[in-house]
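K.L.:
Prediction below, plus the sequence it came from.
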Amino acid sequence: MLQATFLHREALYLRPDPARVIVRPFKPTTEPRDLNPTDKTRANHIVERVLALDPQVTADLLADVLENFEGRHRNLLQEFEFRADEMEQALAAHGVFSSVQRQLIGAYFLNEYSFEASALFNPSIVPHPDQSGAPKGGLRFILSLRAVGEGHVSSLTFRTGTIAADGSLAVDPTARLASSPRIVRQISGPAGEEVEVTFKEEQDISERVIFPVTESQSQGIEDARFVEFSDGGRKTYYATFTAYTGRAIRSELIETSDFLSFRMSPLRGTAAHNKGMALFPRKIDGKYAMIARQDNENLYLIYSDDLYQWDGGKAILQPQFPWEFVQIGNCGSPIELDEGWLLLTHGVGPVRKYSIGAALLDKNDPSKVLARSVEPLLHPEPSEREGYVPNVVYTCGAMRHNDQIILPYAISDSYSNFATIKIAALMRAMS
């Protein structure tokens, strides 16, 4: 299998960092909000032990906790208070608390979680909504990544960087701290829960971590495929992702305009019961369009008048070449070129080896396949074969810049890198 000569691998390795932690609710045995005054559970015992402490001992212990952890988190005392507020119903059963007691109890019901200790992979890339400070002839970008920590729980994290006029790439330093957002709205609907979360403006974008919120996401927010969507001059960033309970999957949608506030909504319809959906960056003939894989093997084109309802579809790409005989899937939203829609695909071959290929779809009728890559654009090199899942290269979305495709990609479900592809050479190589 030949490596594409028009593809250049960078050396911008993004590796998981176990030192990056967030605080998460700690729930011993019974969830505290479910307790009643007669329950004698571990949670109740913890609260009673704190209340039995001498006030000065309580104050000294809280000060010691703050000294030990303060430099690891933003506004840690506020996090303790917020956790105590979440437990208000349970705490009310124990009488009156001082503010110091409440804060210390909040600390006992939190734990640190190293959200990217195991892996940092499956990236997608979009232009930054704020292009101030971008290099002349270049642009700023936002990179989304799937982070995996203890228990194989997946969350969504971000990086920023720049592309220079000549196509050279740089990734900005990562913030020392990491934080989860506040939930500002959560409602239940017939298809599941819709959630709105927001971060504070002073939190650097690399500090922002979207952790599973709903039951459908409880084991992971996986493989977000971000796209800058244009509609009548208005730009919105959407990302389809896989919500995973540990037993079942379904497709959901993230929406944001600023990467500060996010809305997560379940998708409805027969096509939303699988993974790997990717939204076109604009409407086609007045309809939303999506690439999806309902049958775990082929790629389908689906149209819809409703962004949240997806049914039916037409199979447009099937496994054709040996490196994709097992299955094919999309590797992010189609990229609009003069020649048509460039769709990056993944193929699975012998010994479950993953490679990245491409197809060119007609701009006016994307059901027409104009060309395909006979050989992969990218396949695991010897140095990229080892990791949590061996023999895999994968991406959740690339981006055009001038005459190049900027392709962030994951290596063996462990860490990430970038590659650049010359568009003209890619078009000549497809048949």
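P.N.:
Thanks, I have the structure now. Numbers count the residues shown, from 1 in each chain.
K.L.:
Heading C-terminal from the worst-scoring helix or strand of the chain on mean pLDDT, find the next helix or strand.
P.N.:
Scoring the helices and strands of the chain by mean pLDDT, DSSP states H and E places helix 88-92 at the bottom, with a mean of 81. As assigned by DSSP states H and E, the chain's next helix or strand after helix 88-92 is helix 99-108.
K.L.:
My guess is H128 contacts F141. True?
P.N.:
Yes - with contact defined as Cβ atoms under 8 Å, H128 reaches F141; the gap is 5.7 Å. In short, each C-beta sits where N, CA and C put it, glycine included.
K.L.:
hey, what's in contact with both of those two?
P.N.:
Here H128 and F141 have T160 as joint contacts, going by Cβ atoms under 8 Å, 6 or more residues apart in numbering.
K.L.:
So for these two, which sits in the more crowded spot?
P.N.:
Neighbour count, other Cβ atoms under 10 Å: between H128 and F141, F141 has more, with 23 against 19.
K.L.:
What residue spans form the domains of this protein?
P.N.:
The chain resolves into domains spanning 7-19+114-429, 22-113 when parsed by automatic domain parsing.
K.L.:
can you give me the mean pLDDT across the first one?
P.N.:
In this case it means domain 7-19+114-429. Averaging pLDDT along domain 7-19+114-429 gives 96.
K.L.:
From start to finish, how long is that domain in a straight line?
P.N.:
With Cα to Cα, to the nearest Å applied, domain 7-19+114-429 spans 11 Å between its terminal residues.
K.L.:
how far is stretch 159-179 from where the chain is centred?
P.N.:
17 Å (Cα atoms, centre = their mean, to the nearest Å).
K.L.:
swap in stretch 387-395?
P.N.:
So, by Cα atoms, centre = their mean, the centroid of stretch 387-395 is 17 Å from its chain's centroid.
K.L.:
Can you show me the CA trace of it as CSV?
P.N.:
Output in CSV follows, covering the C-alpha atoms of stretch 387-395 (Å, rounded to 0.1, in the frame of the first residue of the first chain):
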residue,chain,number,x,y,z
GLY,A,387,-1.7,2.5,21.1
TYR,A,388,-5.0,1.8,22.9
VAL,A,389,-6.5,0.5,19.6
PRO,A,390,-3.6,-0.5,17.3
ASN,A,391,-3.4,0.1,13.5
VAL,A,392,-5.8,3.1,13.4
VAL,A,393,-5.7,6.5,11.9
TYR,A,394,-8.9,8.5,12.1
THR,A,395,-10.3,12.0,11.9
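K.L.:
Any buried residues in it, and which?
P.N.:
387-388, 390-395 (16 or more other Cβ atoms under 10 Å).
K.L.:
and the least confident helix or strand of the chain, which residues are buried?
P.N.:
For helix 88-92, burial by neighbour count (16+ other Cβ under 10 Å) applies to 90-91.
K.L.:
How about stretch 166-184?
P.N.:
Buried, per 16+ other Cβ under 10 Å, within stretch 166-184: 167, 169, 171, 174-175, 177-181.
K.L.:
Let me know the closest of the residues you listed to L377.
P.N.:
Using Cβ to Cβ, G167 is the member of these that lies nearest L377, at 16.6 Å.
K.L.:
mind listing what the closest one touches?
P.N.:
G167 touches 401-404, 406, 420, counting by Cβ under 8 Å, 6+ apart.
K.L.:
Can you tell me which of the residues you listed comes closest to A248?
P.N.:
Distances from A248 to the contacts of G167, taken by Cβ to Cβ, are shortest for I406, at 34.2 Å.
K.L.:
Now that A165 has come up, it's in contact with G137, right?
P.N.:
Yes - if you go by Cβ under 8 Å, A165 and G137 touch, sitting 2.9 Å apart.
K.L.:
In a strand, E48, correct?
P.N.:
No - under DSSP: H, G, I helix; E, B strand; the rest coil, E48 falls outside any strand and is assigned helix.
K.L.:
Would you quantify the distance from the residue nearest to it when sequence neighbours are not counted to G106?
P.N.:
Nearest non-adjacent residue to E48, counting by Cβ to Cβ, 6 or more residues apart in numbering: H94, 7.1 Å away. Distance of H94 to G106, given as Cβ to Cβ, to the nearest Å: 14 Å.
K.L.:
moving C-terminal of the longest helix along the chain, what's the next helix or strand?
P.N.:
Longest helix in the chain, counting residues (DSSP state H): helix 55-69. Going down the chain from helix 55-69, the next helix or strand is helix 76-86, by DSSP H and E.
K.L.:
For L279, which residues are in contact?
P.N.:
So L279 contacts 225, 227, 229, 238, 240, 288-290, 333 (Cβ under 8 Å, 6+ apart).
K.L.:
ok, of those, which come out buried?
P.N.:
225, 227, 229, 238, 240, 288-290, 333.
K.L.:
Pop out the phi and psi values for G349.
P.N.:
Recorded main-chain torsions at G349 are phi -120, psi -150, according to degrees, to the nearest 10.
K.L.:
Would you confirm that it contacts F325?
P.N.:
Yes - if you go by Cβ under 8 Å, G349 and F325 touch, sitting 6.2 Å apart.
K.L.:
These two: which is more packed in?
P.N.:
Comparing G349 with F325 by other Cβ under 10 Å, the one with more neighbours is G349, at 20 against 14.
K.L.:
Find the residue closest to that one in space, skipping its chain neighbours.
P.N.:
Leaving out its chain neighbours, the residue that sits closest to G349 by Cβ to Cβ, 6+ apart is W323, at 4.2 Å.
K.L.:
which SS class is that neighbour?
P.N.:
helix.
K.L.:
so what's it up against?
P.N.:
With Cβ under 8 Å, 6+ apart, W323 has these contacts: 1, 347, 349, 353, 355, 357, 375-376, 379.
K.L.:
so what's K368 up against?
P.N.:
361-362.
K.L.:
typo on my end, it should be F121
P.N.:
145-146, 148, 394, 410-411, 413-416 are the contacts of F121 under Cβ under 8 Å, 6+ apart.
K.L.:
Just send these back as JSON lines, with distance to A59 and secondary structure too.
P.N.:
Below are the contacts of F121 laid out as JSON lines (distance: Cβ to Cβ, whole Å; DSSP: H, G, I helix; E, B strand; the rest coil):
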{"residue": "L145", "distance to A59": "41", "secondary structure": "strand"}
{"residue": "R146", "distance to A59": "42", "secondary structure": "strand"}
{"residue": "V148", "distance to A59": "39", "secondary structure": "strand"}
{"residue": "Y394", "distance to A59": "51", "secondary structure": "strand"}
{"residue": "A410", "distance to A59": "48", "secondary structure": "strand"}
{"residue": "I411", "distance to A59": "49", "secondary structure": "strand"}
{"residue": "D413", "distance to A59": "46", "secondary structure": "coil"}
{"residue": "S414", "distance to A59": "45", "secondary structure": "coil"}
{"residue": "Y415", "distance to A59": "44", "secondary structure": "strand"}
{"residue": "S416", "distance to A59": "45", "secondary structure": "strand"}
